[in-house]
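K.L.:
got a predicted model here, sequence first, then my questions.
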Amino acid sequence: MKKLIVAAAALALTAGMGLAQTVRMGTEGAYPPYNFVNDSGEIDGFERELGDELCKRAGLDCTWVKNDWDSIIPNLVSSNYDTILAAMSINDERKAVIAFTQNYLPPAPSSYVALSEDADLEGGVIAAQTATVQSAYIAETGAALIEFANIDEVLAAVRNGEADAAFGDKEVVRPYVDEGEDLIFVGEDVGLDEGIGIGVRQSDTELRETLDAAIGEMKADGSLNEMIKKWFGEDAQIHE
């Protein structure tokens with residue numbers, strides 16, 4: 001994460017954008033159900049539907065850009081796109097480099113998954129996705145951290161014995177537990193962030209305020225909670 005922030009900070013001198021041009025929405029496309037590439041090769045998922053609705057409400061002309069997670073902040077700051085909608089948790093380290101809207105998903109737990117209940121979570125090898133709040137958390141524990149580019153590789157490391165357990169966003173790993181026959185939740189859930197928001201360049205105050213207002217409108221009319229339930233289930237955490 002430190003390398004990611006240093007790289008982004010080095011690119012931080014960039015001009016603000018005007019809202020008259022197309023707003024390029026950056027996402028990873030590899031983190032279902034938040035965002036993924038569907039069978040037609042299109043960006044899909046909760047954040048695609050949310051982003052399209054926010055652009056509609058804000059009167060913005062928007063297009064989507066796919067970018068690997070490990071360079072997603074530097075490429076925002078260097079103007080390869082204008083927002084990040086990619087299940088990005090809001091925390092102080094990221095706020096030092098980019099700005100965030102209010103959260104569109106409330107703070108949610110992170111969870112451990114393993115092949116057995118006796119997995120060593122304190123001193124064993126724990127897999128996590130690189131440059132995430134989960135990997136930063138594991139790095140501060142007594143466990144040995146191994147990082148991977150995406151969640152599929154993280155969970156594969158558990159299945160092939162490379163890691164004792166994986167640690168990730170609970171809503172992301174839940175389908176792998178529910179739909180598979182091997183992975184189970186172990187240990188206690190952990191809260192790590194202020195929720196998930198849209199990342200923008202610090203200079204793009206107008207864009208941030210425009211998107212922030214649209215999120216607030218969706219919270220107020222209940223449509224955001226309905227969208228959350230559609231993608232994450234009736235038991236998902238919603239805005240109070």
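P.N.:
Received it, and whenever you're ready, just let me know what you need. Residues are numbered from 1 along each chain as shown.

K.L.:
the residue most central in space within the chain and I196, how far apart?
P.N.:
Closest to where the C-alpha atoms of the chain average out (Cα atoms, centre = their mean) is A87, at 1.8 Å. In this view, A87 and I196 are 6 Å apart by Cβ to Cβ, to the nearest Å. C-beta here means a position set from N, CA and C on the backbone, and glycine is covered the same way.

K.L.:
intersection of neighbour lists for those two?
P.N.:
L105 (Cβ atoms under 8 Å, 6 or more residues apart in numbering).

K.L.:
my guess is I84 contacts Y34. True?
P.N.:
No: judged on Cβ atoms under 8 Å, I84 makes no contact with Y34 at a distance of 11.7 Å.

K.L.:
check contacts around S135.
P.N.:
By Cβ under 8 Å, 6+ apart, the contact list for S135 reads 1, 128-129, 145, 147, 167.

K.L.:
could you pull up phi and psi at it?
P.N.:
Backbone torsions for S135, taken as degrees, to the nearest 10, come to phi -70, psi -40.

K.L.:
tell me the pLDDT of it.
P.N.:
Looking at S135, its pLDDT is 97.

K.L.:
circling back to that earlier point, tell me which residues touch the closest residue to the residue nearest to the centre of the chain other than its chain neighbours, please.
P.N.:
Leaving aside its sequence neighbours, A87 sits nearest to Y34 (Cβ to Cβ, 6 or more residues apart in numbering; 4.1 Å). Contacts here follow Cβ under 8 Å, 6+ apart; on that basis Y34 touches 45-47, 86-87, 171-172.

K.L.:
need those in CSV with distance to I73, secondary structure and pLDDT, can you?
P.N.:
Listed next are the contacts of Y34 as CSV, based on distance: Cβ to Cβ, whole Å; DSSP: H, G, I helix; E, B strand; the rest coil; pLDDT from 0 to 100:
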residue, distance to I73, secondary structure, pLDDT
G45, 20, coil, 98
F46, 21, helix, 98
E47, 16, helix, 98
A86, 10, coil, 98
A87, 13, coil, 95
E171, 22, helix, 90
V172, 19, helix, 93
